[in-house]
Each structure stands twice: as C-alpha cells, then as structure tokens.
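In: Quick one, structure for this:
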Amino acid sequence: MCKKEVTMKTNKNSLNNLNKANSVKRKCCHCDREMTLANLKKHQNACKMNPKNMKECPVCQTMHSKGGVTCSYSCSNTYFRSGKNNPNWKENNYRMICFETHGKACIVCGEDKIVAVHHLNEDHFDNRVENLVPMCPTHHQYFHSKYRDEVMPYINKFIGQ
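Out: Numbering: from 1, shown residues only. The predicted model follows:
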C-alpha cells in the first residue's frame, strides 16, 4: 500500500468514528436534555441545572444560575439601589442625621415628600444636629433669596425648641 492509500483509509476511519459519535445521543445528567457525545461534556459543565453553577440570590434567597449577583431585575434594584450596596451610600451623611433627629418634614409648611436640609451657618462640612434644619425646596430657596425674612421666624422658633 502506498502512503496516499493509508491516509485515505485513516481519514475514512476518522470520519466514520466522528459520524458514530454524532449519531449516539445521551441525556444530560442535570437537565435530561438529549445531546450528542461530542457536546455532552461541554453542556454538562455549563448546564443551568448543574449545582456548581447555581448561586443564592442575596435578596430573596432563591437559587438561580444567571450570570449576575441577583436572580431578577427586581432583586437587582433592591440590592444595588438601596442601602449600603448603593455606590452613593454614605454612612453618616447630613440628610440622614437631620431626618433621624428632626423628622422628615418642612418646618414651615409640613411638606414630607420632598425635603431638603439647610445648614444654619451655611458651612456644608458642619453636620452637627443643631446646625441642620429640614425644609422643603421652596422654603429653602426662600432663605437663600430676598424672601429670607418670610422663613426666619419659623427657623428661629425651630432653633428655640
């Protein structure tokens, strides 16, 4: 036999073996999906039902195999946009200090939905409780405009308490 015939025979044998491997199907041990032998191992390693690919959602404690930290958009919003996981979270920011001590309501009109915090001495680095006053954006702007005298009686009364 010449060299060409041997390679042809080997190639035909390889092709036959490949065809046999592609015709034999087995089920994935995790999800029972039928797969050819050539793809079975790769599928089993990446299978969503494989316990090593499962992780627990930190919000709802359900097991999931998704790529992210949480199992859904809803859990993601809860996890990343609130509390200490929020990139903008500051442990002791002046708003939190003010609202915990004085409540979240404007001292002039009682607005409790949108509330700003005013620094009495206008030093934004002085976050002492006695320097912080909760005010709605409108009355806070009054203080920083020519209408300051309209809100000063309320601020003085608040300081006196």
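In: any low-confidence regions in the protein?
Out: Under the criterion pLDDT under 70, the flagged ranges of the chain are 1-15, 17-22, 85, 87-91.
In: Spell out for me which residue occupies the centre of it.
Out: Residue closest to the average C-alpha location in the chain (CA atoms, centre = their mean): residue 80, at 2.7 Å.
In: For it, give its distance to residue 127.
Out: 26 Å (CB to CB, to the nearest Å). No exception for glycine: its C-beta is placed from N, CA and C like everyone else's.
In: what's the answer for residue 34, then?
Out: From residue 34 to residue 127 the distance is 65 Å (CB to CB).
In: If you count surrounding residues, which of the two has more?
Out: residue 127 (17 against 9; other CB atoms under 10 Å).
In: thought that one was touching residue 95?
Out: No - counting by CB atoms under 8 Å, residue 127 stays clear of residue 95, with 9.5 Å between them.
In: Can you show me the strands along the chain?
Out: 25-27, 34-36, 55-56, 63-64, 116-119, 132-135 (DSSP state E).
In: Deepest-packed of these, please.
Out: Ranked by mean neighbour count, those are led by strand 132-135 with a mean of 23 (mean count of other CB atoms under 10 Å).
In: quick one: strands adjacent to that one?
Out: As defined by DSSP bridges, the strand partners of strand 132-135 come to strand 116-119 (antiparallel).
In: quick one, domains of the protein?
Out: According to automatic domain parsing, the chain comprises the domains 26-83, 94-160.
In: For the ones you listed, give me JSON lines that also has distance to residue 16.
Out: Output for the domains of the chain, formatted as JSON lines (distance: least, CB to CB, whole Å):
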{"stretch": "domain 26-83", "distance to residue 16": "14"}
{"stretch": "domain 94-160", "distance to residue 16": "73"}
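In: What's the end-to-end length of stretch 135-152?
Out: 12 Å (CA to CA, to the nearest Å).
In: List of residues touching that stretch?
Out: With contacts defined as CB atoms under 8 Å, 6 or more residues apart in numbering, stretch 135-152 is touched by 106-109, 111, 114-118, 154-155.
In: Show me which pair in those residues is furthest apart.
Out: Farthest-apart pair in these is 114 and 155; separation 18.6 Å (CB to CB).
In: Which of those two has more residues huddled nearby?
Out: Set residue 114 next to residue 155 and count neighbours by other CB under 10 Å: residue 155 wins out with 18 against 10.
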